[in-house]
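Trainee: Quick one: sequence plus predicted model below, questions after.
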Amino acid sequence: MAANTIITDIGREKIAAAAASGRTITLKTFAVGDGEYIPTGQETDLRSEKYRQAIDSVSIDSKNKNILLFNNVLSETIGGFYICEYGIFDDENKLIAIGAIDKTYKPSPSDVKAVSISL
């Protein structure tokens, strides 16, 4: 699954304000949707959100300390939709980062074979 993630305009503003004040940003939720487009960074929400959950885990890339790696497993208990877009939201429900992936079907429990997808 090829992914392309960018920081949103709101995300850049919040990161700059946090750096200037010495405060932090709390990244809280991960959402996926089926909106098919190339994100610009001006988005404030996903175009067509299908599912949202708490962030499973975050780590810093061992090769580049400026890159955060998010791991989220979408349970086999949800699905029946395509995933084309995803977003990371903070504790104020502001879209901090947005990305697009190749269109991927997330099977539902009623499909012949439901699977978990790790993004």
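Mentor: On my side now, so go ahead. Treat the numbers as computed from the prediction; the structure is a model and nothing was measured.
Trainee: All the helices of the protein, in order from the start?
Mentor: Along the chain, counting by DSSP state H, helices occupy 9-21.
Trainee: and Ile55, what does it touch?
Mentor: Leu27, Lys28, Thr29, Phe30, Phe70, Asn72, Ile88 (CB atoms under 8 Å, 6 or more residues apart in numbering). Every C-beta, even on glycine, is put in place using the N, C-alpha and C of the backbone.
Trainee: low-confidence ranges in this protein?
Mentor: 1-2, 112-117, 119 (pLDDT under 70).
Trainee: rewinding a little: list buried residues within the contacts of Ile55.
Mentor: Burial by neighbour count, judged by 16 or more other CB atoms under 10 Å, picks out Leu27, Lys28, Phe30, Phe70, Asn72, Ile88 from the contacts of Ile55.
Trainee: Take the contacts of Ile55 and lay them out in CSV including distance to Ser21.
Mentor: Putting these into CSV (distance: CB to CB, whole Å) gives the following:
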residue, distance to Ser21
Leu27, 17
Lys28, 19
Thr29, 23
Phe30, 25
Phe70, 24
Asn72, 29
Ile88, 21
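Trainee: and of the residues you listed, the nearest to Tyr51?
Mentor: Phe30 (9.1 Å; CB to CB).
Trainee: Tell me what the closest one is bridged to.
Mentor: Gln53, Ile88 (DSSP bridges).
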